[in-house]
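Asker: With the sequence up front, the predicted model follows.
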Amino acid sequence: MSASISGLPRRTVLIGAAVVPIAGCNANTGELVAPPTTAAPGQVLAATTEIPVGSGKVVGDTVVTQPTAGVFDAFVARCTHAGCKLSSVTDGRLDCPCHGSRFGLDGAVLRGPAMTPLTAVAVKVAGGNVVAG
C-alpha cells in the first residue's frame, strides 16, 4: 500500500508537485494555465507610434507603456496577485479583471489585493520600434 497525503495517492501528489512550477492556476476557474511567455531579445513588440503617451498596449504576454513622452517600459502582462492576464490599458492604468488589482504605467501597485509590482521586461527603442532586450 502506498503512502498518501490527505487521502491522495503518493503518485498523484508527486505528479501535481511536478506540474505546479510549470503551469499556474486561474484563480477564477481553477484551471491550469500556461506560464507567460517572454519576448525573445530583439523581438519587435510594437511601433513607438502604436503606444500613446500616458497609455500602453498589451502585446501577447507583455504590456508596453509610455508613461512620459519618449520613455517606454514593458512588463509581464500578468497580475502579481493570482496571475490573471491583464488585457488592456485604460485611463493610464492596468486593471486586473479577476480581483480588481490596479497597476500604474510604471508597473507599481495602485490598488490591491496585489502587493508586488508587475515584473519588468527589458526593452529598447530601435528604428522606431519598441524591441525586447
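Answerer: Good, I have the coordinates. If you're wondering where the values come from, they're calculated on a predicted model, not measured in any experiment.
Asker: Buried residues, stretch 50-64. List them.
Answerer: 51, 55-59, 61-64 (16 or more other CB atoms under 10 Å). All C-beta atoms are positioned from the backbone trio N, CA, C, and that covers glycine.
Asker: Kindly apply the preceding question to stretch 112-124 instead.
Answerer: Applying a neighbour-count criterion of 16+ other CB under 10 Å, one finds 114, 118, 121, 123 buried in stretch 112-124.
Asker: Stretch 39-53 too?
Answerer: Judged by neighbour count using 16+ other CB under 10 Å, the buried positions of stretch 39-53 are 39, 43, 45-46, 51.
Asker: Please work out which residues outside that stretch touch it.
Answerer: 57, 59-60, 62, 64-66, 68-69, 72, 74, 121, 123, 125, 128-133 (CB atoms under 8 Å, 6 or more residues apart in numbering).
Asker: how distant is that stretch from the center of its chain?
Answerer: Computed by CA atoms, centre = their mean, to the nearest Å, the separation of stretch 39-53 from the middle of its chain amounts to 16 Å.
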